[in-house]
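# Everything below, folded, please.
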Amino acid sequence: MKIFSRPARLSAPQPGLRPGTLAPRRRRMASGMTLIEIICVVAILGIFAVVLLRALVREIDYDVSREERGLLRSYNESLKLGIRRNGYIPSQNEWAELVAGQTGADLASVAQNRRHQERRLLIDNSGWLNTVTLPWVQTQAGTSIIPTNARVMIVSSLGKALPALLPAGPTAPAVFDPLWNGTNNFAAGAWAGWGGQATDVLVEPVNLTSLFVALYIVTAGNDVAGWYTIGTNTTLLAAPNQLLSQPYDPRYLLAGTSVNLCHAWPSNTLDSIQILNKDSSFIYERGVWKSSAAGGILPGGVDIAAVVNAFLKAPYNENAQNKTPYPEVQQYLTVAAMMDYMSNYIVWAKGSTSTTNFGDNNLYLYLRNNLQPNMMTTIQGLFMGVSSYYPTNSIPCN
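Purely as a prediction, here's the structure:
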């Protein structure tokens, strides 16, 4: 007896498969290897994202810090320039307004940094700024106390806000000095419990002492006093009478301040305007304003007396024509010869005919044949030496 088996049912051919080929087990692939692959890719991408994000944050922080340092340096210069131009030192409440006026920036952008944290002005209360009231406005009197340690600093935090125990304004040395010197402990004192990053705190020190210059202004001896004014103030002040051999205390004014020197007669007329860019002294003697006891201020001209004084004090040539009784005697002989020639030349130029003044053209001949050759010989003696026409000092610049 023959038994016939039922033929197996074949599934319909799948697209892309040869007849008789079994279909892949999709469920197993979807729930097995494909899911693992996805998880691995996501994990790798996550790791890369974290690394890249950290690098990006560091780069942003670096750019912000670099920008802030540059701004603080510019605020330093703008603050000092504003003080000189306006003639006053602001308090902790006005400094940002002064800087904004100098830079043309918005006040809020000066008062706060890019991270919207307040920039604070700290003031050293152990120096000169502790002896005056801020804002300090310069008057004609200036200040009689030398502005020692006139220091302020601009402090900015790019991270956590500055601690409440570090307010703007006068600051004790125990807090101010470590910040100024870069030795601050950001976990103690005013910074205790702050919890921020020390690298986020930027400090810009501003020394105001360098903005001041000394002014000495007197009338020599018992002469009629000279007059002067300071800056835009029109009130005339009398230069006090002072013996030049006695010490005299100066006043200190902001560099760039103008001093208007006036004659006592006639009618206090203006002599010259001097700009104080360094320590300066002015002496009124016999109706003439001088820059020193040896020289005089000649507006638009040369201080001849000061030039002569500098010439006599200049290093001498050890091969000069005359070296006795002292090495620099040739310089004194040169000045004497020039004065002899010029004084006689002035008499001759006035056209004097007096017999005591070499009348009848004798003075002209005396100048030409005697004084002028003697003056030229004396001048040549400065550098001619024994046989050479230039200094031959054994030690340069002797």
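# which stretches of the stretch 51-200 of the chain have low pLDDT?
52-53, 55-61 (pLDDT under 70).
# Can you show me the strands along it?
Ranges of strands in the stretch 51-200 of the chain, per DSSP state E, counting those that start in this stretch, are 88-89, 120-124, 136-137, 151-157, 169-171.
# Please give me every residue in contact with the nearest residue to Leu312 once chain neighbours are set aside.
Excluding its sequence neighbours, the residue lying closest to Leu312 (Cβ to Cβ, 6 or more residues apart in numbering) is Gln331, at 5.6 Å. C-beta here means a position set from N, CA and C on the backbone, and glycine is covered the same way. By Cβ atoms under 8 Å, 6 or more residues apart in numbering, Gln331 lies in contact with Phe311, Leu312, Ala314, Tyr316, Leu382.
# Just the ones of those residues in helices?
Using DSSP state H, the members of the contacts of Gln331 that fall within helices are Phe311, Leu312.
# if you average pLDDT over the longest strand along the chain, what comes out?
In the chain, assigned by DSSP state E, the strand with the most residues is strand 212-220. Here strand 212-220 scores 94 as its mean pLDDT.
# Who does it pair with, and is each partner parallel or antiparallel?
Strand 212-220 has its sheet partners listed here by DSSP bridges as strand 241-242 (parallel), strand 251-254 (antiparallel), strand 280-285 (parallel).
# pLDDT wise, what is the residue nearest to Leu312 at?
Note on Gln331: pLDDT of 86.
# before we move on, the earlier item: so what's the gap between the longest strand of the chain and the chain middle?
Here the centre of strand 212-220 is set off from its chain's centre by 23 Å, with Cα atoms, centre = their mean, to the nearest Å.
# In CSV, list the C-alpha atoms belonging to the helix or strand following it.
Using DSSP states H and E, the helix or strand that directly follows strand 212-220 along the chain is strand 227-230. Provided in CSV are the C-alpha atoms of strand 227-230 (Å, rounded to 0.1, in the frame of the first residue of the first chain):
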residue,chain,number,x,y,z
TRP,A,227,51.3,137.3,39.7
TYR,A,228,49.9,134.1,38.3
THR,A,229,46.8,132.0,37.8
ILE,A,230,46.2,128.3,37.7
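# quick check: mean pLDDT across strand 227-230?
Mean pLDDT, strand 227-230: 94.
# That strand: partners in the sheet, and parallel or antiparallel?
Short version: by DSSP bridges, strand 227-230 pairs with strand 237-238 (antiparallel), strand 258-262 (antiparallel).
# can you list the residues that contact that strand?
139-140, 142, 217, 235-239, 253, 257-264, 268, 282.
# My read is that Leu276 contacts Ser258, right?
Yes. With contacts counted by Cβ atoms under 8 Å, Leu276 reaches Ser258, the gap being 7.4 Å.
# Could you list the low-pLDDT ranges of the stretch 251-398 of the chain?
292-303, 305, 350-360, 384-398.
# give me that answer again for 50
For the stretch 251-398 of the chain, the stretches flagged by pLDDT under 50 are 294-301, 355, 389, 397-398.
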